[in-house]
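**Q** Sequence and predicted structure below; questions after.
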Amino acid sequence: MPGNILIIEDDDSMRELIQMELEDEGYHTEALDSGFAGLKALQNQAFDLVVLDIRMPGMDGIEALERIINSQRGLPVIIHSAYSHFKENYRTWSAAAYVVKSMDLGELKNTIKQNLKTTTT
Amino acid sequence: MYKKLIAKNLDLLLKSWLLLDENDLIVHWSTAAQQALGYEPQEILNQPFFHLLPDYRIDRETYLQRLFQETPGNSIILNRVKLRNQNGVILEVELSIYSIPEEGKNFKLIAFEKITEIAELQQYTNNKQLELLDRFHFFYDVHSHSDHLRDIYDAVLVSATSGHGLKFNRAYLLLIDQADNALKGIQAIGPASKEEAGNIYDQFGKAPKTLTEMIALYREQRQHSDLWINEMIRGLQVGLSNLDNIFIQTLYQQRYCILQQASTDTAENHQWFFRLFQTEAAVLVPLVWNGRSIGLLIVDNAITGNPFSYWDINSLINFTHAACEVLVSMRLLTVLEKSITAINEANLKLKESQQSLLHQEKMAAKGQLLNQMAHEVRGPLAVIGGYARRVSNKVEADFPLKKDLERIVETAKTLELVLNDILDKEIIKSSEISDHCDAAKVIHKVVHLFEEEILQKKVSVNLNLQGNLPPLPVPEHHLFEILNNLIRNALESMTENGLLLIIAQSSGNKEILTIQDTGIGIPVKVANKLFSPYFTTKAEGTGLGLIVVKKLVKCYNGAIEYHSIEGKGTTFTISFPLTQSTSPI
């Protein structure tokens, strides 16, 4: 039961890589390059999960996270960042999970799978 | 006859006194009493005693009678009694009344001292003592003297006793100790008895030695001889205020003193000395430096019984002048040496801490830069490695460039591992904060933070914190965050006159913290949303407080529970295992 995933990531290469890899897994994806675009998409479309970068120009991931949770309570958001220290910022703690960026997307994929399972069951 | 005898001798014992006959008429008085009261003899003799009491005392006629009725026994001492002198001036006196029965009649002896005079005398004595104390040069902490100083003491004592020096049998050194305000025995030299003397003189006396050799020899022997007198002298301590003591008198007078058991003058009061020092005679010489006494040198001829000649004493006194100079300069040198060492040490520490601070700053700056760089590299590296991996996974095994792709993947992987390694290390380094805290301390801190609100809302705070709580394996700032959120919620839920109860206790391997309020409670319908992010019932809440609490509690393997009755209040209970490995945030 693949889901519909929103990817918010400002780095083009990374965004496309994630998108390709997740689609290979059978997910439907929408990949956007900013928090604003992501929030807009959330208003018009239903998603099962969000993969969110933190360091982005304009609205950063932390602010986007807050807004997403406030608008769509219960929607799992996975933070996907090159920075591990945002883990210590309690404002990121309301996210469903925190995955540090790696060339091996295995951890991200596993985390997505787990979170989709818990929300659908 | 009896009266005359008393009258004659009483002046020796008492200053101001009056003698009353069986009818309480004054029959005798002392000159001092006359001076104090100012009456002429004809005005006072054969007059009743109560004439001396102030007029306003309506019971004055029966005063003495009543006193003896109220107080059993023959003597009464009264602290503050008012007497009237000839000029009508009221004096305050200390009054002693003794009833003297004679041939069935009761005479009374009344002695008095003016209190004002007593106070004056007291002050005079105090001043005198201060003045006298000023005459001392103090040695600090005489019992921790350096080996250096001990050598000097030896030299002084050996000089006083050796055949080359002053030839006394035994010598004792005592010094004034500032800390205890006392004269303390320091060191002694000499045989305890004639037998021991025989042995020592055999060793010391055979080959004539120079004084220096003598001192060296003495030092070698120190372990075996002098034991008794050294023990005795080191146990000796006399307070400087003990003015009856001959040692202290000698220090104050700054004049030498000869004690002889045979002499009637001194023998009586100084038996203790002869017994303690086991000698029949001794010379006490104060060690005076710059007009101040620093200690006492005592010498005796207990073994040979030789008398002290004028020349002996004279050269001893001359010698003590020199000894004082040496002692004081050595003492000053030692103090100086100590200060210099302390300064050097402080300097060294300062330099070290400066260097370490500089080093830390450098390292911190380096660490920060490295951290930043590593993070910046991590993103692009994930892209390079990620794509290489993806392509490598997509191509068939016989693709000509498959090996090259794998090489990119492997290298990127290694680089990523190196980066993670660096970053993890930096994280450890930056967390120099203690991973344990004192829960009671943190509770006090947080409660203190809300002091204003507590006062404003008239909330009674009841802290029930178990004494000696074991350290909690949670960093202080995290427990602070937890308690800060829970206590804030508790306070915000209460209107005026609420009760906030905080309990901290350890039980088995657990530490349990309870925060209870008498606030509005948690409505049943929102209970399931309590721990969801951004959920708040407050106008200005972030909705993150309890998320933070839950996450932090979980991070230290703790548990959080709550119990709430709407309208009555809420109790949050968090418990942490006392030994644990933390899980990452």
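**A** Yep, it's here.
**Q** which residue lies farthest from the center of chain B?
**A** Residue farthest from the centre of chain B, counting by Cα atoms, centre = their mean, is B:Asp398 at 85.7 Å.
**Q** That one belongs to a helix?
**A** No: if the criterion is DSSP: H, G, I helix; E, B strand; the rest coil, then B:Asp398 is coil and not within a helix.
**Q** Can you pull the phi and psi angles for it?
**A** Backbone torsions of B:Asp398, given as degrees, to the nearest 10, read phi -100, psi 10.
**Q** Residue of chain A nearest chain B, please.
**A** The minimum distance from chain A to chain B, using Cβ to the nearest Cβ, falls at A:Met103 (2.6 Å). Bear in mind the C-beta positions are built from the backbone N, C-alpha and C, glycine included.
**Q** Number of residues surrounding the nearest residue to that residue once chain neighbours are set aside?
**A** Excluding the flanking residues, the one nearest A:Met103 by Cβ to Cβ, 6 or more residues apart in numbering or on different chains is B:Gly385, at 2.6 Å. Using other Cβ atoms under 10 Å in any protein chain shown, the number of residues around B:Gly385 comes to 23.
**Q** Export the lengthiest helix in chain A to CSV, keeping only CA atoms.
**A** Counting by DSSP state H, the longest helix found in chain A is helix A:106-120. Extracted C-alpha coordinates of helix A:106-120, given in CSV (Å, rounded to 0.1, in the frame of the first residue of the first chain):
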residue,chain,number,x,y,z
GLY,A,106,18.0,3.1,3.1
GLU,A,107,17.4,4.7,6.5
LEU,A,108,15.0,7.3,5.0
LYS,A,109,13.1,4.6,3.1
ASN,A,110,12.8,2.5,6.3
THR,A,111,11.6,5.4,8.3
ILE,A,112,9.0,6.3,5.7
LYS,A,113,7.7,2.7,5.6
GLN,A,114,7.4,2.6,9.4
ASN,A,115,5.6,5.8,9.7
LEU,A,116,3.1,5.0,6.9
LYS,A,117,2.4,1.7,8.7
THR,A,118,1.7,3.3,12.0
THR,A,119,-0.6,6.0,10.5
THR,A,120,-2.6,3.6,8.4
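**Q** So which elements touch that helix?
**A** helix A:12-24, strand A:49-52, strand A:77-81, strand A:97-100 (3 or more Cβ pairs under 8 Å, 6 or more residues apart in numbering or on different chains; DSSP states H and E).
**Q** can you do 7 Å?
**A** Taking 3 or more Cβ pairs under 7 Å, 6 or more residues apart in numbering or on different chains; DSSP states H and E as contact, the helices and strands that helix A:106-120 lies on are strand A:49-52, strand A:77-81, strand A:97-100.
**Q** buried sites along that helix?
**A** Neighbour-count burial for helix A:106-120 flags A:Leu108, A:Lys109, A:Thr111, A:Ile112, A:Asn115, A:Leu116 (criterion: 16 or more other Cβ atoms under 10 Å in any protein chain shown).
**Q** Over to stretch B:175-190?
**A** Within stretch B:175-190, judged by 16+ other Cβ under 10 Å, the buried ones are B:Leu175, B:Ile176, B:Asp177, B:Ala182, B:Leu183, B:Lys184, B:Gly185, B:Ile186, B:Gln187, B:Ala188, B:Ile189, B:Gly190.
**Q** and which of those is nearest to B:Ala412?
**A** B:Asp177 (76.8 Å; Cβ to Cβ).
**Q** Any figure for the gap between that closest one and B:Leu284?
**A** B:Asp177 is 18 Å from B:Leu284, where distance means Cβ to Cβ, to the nearest Å.
**Q** so how far is the longest helix along chain B off the chain centroid?
**A** What stands out as the longest helix in chain B, according to DSSP H, is helix B:310-394. How far helix B:310-394 lies from its chain's middle: 29 Å, per Cα atoms, centre = their mean, to the nearest Å.
**Q** any chance of the buried residues of helix A:106-120 in a markdown table, plus pLDDT?
**A** Output for the buried residues of helix A:106-120, formatted as a markdown table (pLDDT from 0 to 100):
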| residue | pLDDT |
| --- | --- |
| A:Leu108 | 94 |
| A:Lys109 | 94 |
| A:Thr111 | 93 |
| A:Ile112 | 94 |
| A:Asn115 | 90 |
| A:Leu116 | 89 |
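**Q** Make a markdown table out of those residues and add distance to B:Thr31.
**A** Formatted as a markdown table, these follow (distance: Cβ to Cβ, whole Å):
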| residue | distance to B:Thr31 |
| --- | --- |
| A:Leu108 | 114 |
| A:Lys109 | 118 |
| A:Thr111 | 112 |
| A:Ile112 | 116 |
| A:Asn115 | 112 |
| A:Leu116 | 118 |
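**Q** B:Ser356 and chain A, how far apart?
**A** 25 Å (Cβ to the nearest Cβ, to the nearest Å).
**Q** Quick check: can you list the domain ranges of chain B?
**A** Listed by automatic domain parsing, the domain ranges of chain B are B:2-120, B:142-308, B:335-432, B:439-577.
**Q** quick one on the thing from earlier: tell me the pLDDT at the residue of chain A closest to chain B?
**A** pLDDT, A:Met103: 89.
**Q** That one: what secondary structure?
**A** Applying three-state DSSP to A:Met103 yields a three-state assignment of coil.
**Q** is it true that it touches B:Glu416?
**A** Yes: judged on Cβ atoms under 7 Å, A:Met103 makes contact with B:Glu416 at a distance of 6.0 Å.
**Q** Identify the contacts common to those two.
**A** Both A:Met103 and B:Glu416 are contacted by B:Leu381, B:Gly385, under the criterion Cβ atoms under 7 Å, 6 or more residues apart in numbering or on different chains.
**Q** In three-state terms, how would B:Lys108 be classified?
**A** Per three-state DSSP, B:Lys108 ends up strand.
**Q** How many residues are close by it?
**A** Other residues lying near B:Lys108 total 22 when counted by other Cβ under 10 Å.
**Q** is it in a bridge, and if so with what?
**A** B:Leu20, B:Ser99 (DSSP bridges).
**Q** What pLDDT does the model give it?
**A** Predicted confidence (pLDDT) for B:Lys108: 85.
**Q** now A:Ser84: how far from A:Asp53?
**A** Distance from A:Ser84 to A:Asp53, by Cβ to Cβ: 14 Å.
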